[in-house]
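Novice: okay, predicted coordinates and the sequence, questions at the end:
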Amino acid sequence: GAVVSQHPSWVICKSGTSVKIECRSLDFQATTMFWYRQFPKQSLMLMATSNEGSKATYEQGVEKDKFLINHASLTLSTLTVTSAHPEDSSFYICSARGGARGTDTQYFGPGTRLTVL
Amino acid sequence: AQSVSQHNHHVILSEAASLELGCNYSYGGTVNLFWYVQYPGQHLQLLLKYFSGDPLVKGIKGFEAEFIKSKFSFNLRKPSVQWSDTAEYFCAVNAGGGGNKLTFGTGTQLKVEL
């Protein structure tokens, strides 16, 4: 149980284009999903918290107009990198919060490797 | 703001050696504590977690961790490592109860040699 998928697993795009990444909780409902960015040989940096049916909460320094998050259902959140530039190249990971209240845990997706040319 | 420190960035062990990875956090209130593992080319997987109760937590694959509140620590241990334990290990803290965001440590790269 507690499986989270991401699509696509990798994407290469031209500078200036937009890229959408999907995060799905496959066998549980997730009212909250999280988006992280991981640089090579570094830890995960939280970008934003996505709540179903409401606006995402962004961490300090993350441009909300550049990284659009939509959490339209209890099993799907999307991250759209708008007008991507080479510095946006990174590994983007989502997680979904699941489990009984009080012991809920984040379960992570496999990540999406974004390369902007 | 809460922070998490993992002092060992790279650890190299021989098979059957014992493992202890340090994790310290800075937050004075109630915390939930996690260890995640990332095997090469794979996604983060939960090893174990602590919410309350017995401070010695057993996880998967023979791992355990001990929460020592007075030391703000949650060190990960395994009595005898295997080559397949080669991975990156992340300690994470969720302050203020469940559902809040996780703060991750910088990770420890463990290499187990045959």
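Specialist: Good, I have the coordinates. Numbers count the residues shown, from 1 in each chain, chains lettered A, B, ... in the order given.

Novice: only C-alpha atoms for contact and neighbour calcs from this point on.
Specialist: OK.

Novice: can you list the low-confidence ranges for chain B?
Specialist: B:1, B:96-100 (pLDDT under 70).

Novice: where along it do the helices fall?
Specialist: Counting by DSSP state H, one finds no helices in chain B.

Novice: chain B: strands as residue ranges?
Specialist: B:3-5, B:10-14, B:19-21, B:24-26, B:31-38, B:44-50, B:56-58, B:64-68, B:73-78, B:87-95, B:102-104, B:108-113 (DSSP state E).

Novice: what lies in contact with the fourth one?
Specialist: Residues from elsewhere that reach strand B:24-26, judged by CA atoms under 8 Å, 6 or more residues apart in numbering or on different chains: B:2, B:3, B:4, B:5, B:6, B:71, B:72, B:73, B:74, B:75, B:93.

Novice: show me what contacts the fourth one?
Specialist: Residue B:5 makes contacts with B:23, B:24, B:25, B:105, B:106, as judged by CA under 8 Å, 6+ apart.

Novice: returning to that earlier point: just the buried ones from the contacts of strand B:24-26?
Specialist: Buried members of the contacts of strand B:24-26, counted by 16 or more other CA atoms under 10 Å in any protein chain shown: B:4, B:5, B:6, B:72, B:73, B:74, B:75, B:93.

Novice: may I ask which of the contacts of residue B:5 has the most neighbours?
Specialist: residue B:23 (26 neighbours; other CA atoms under 10 Å in any protein chain shown).
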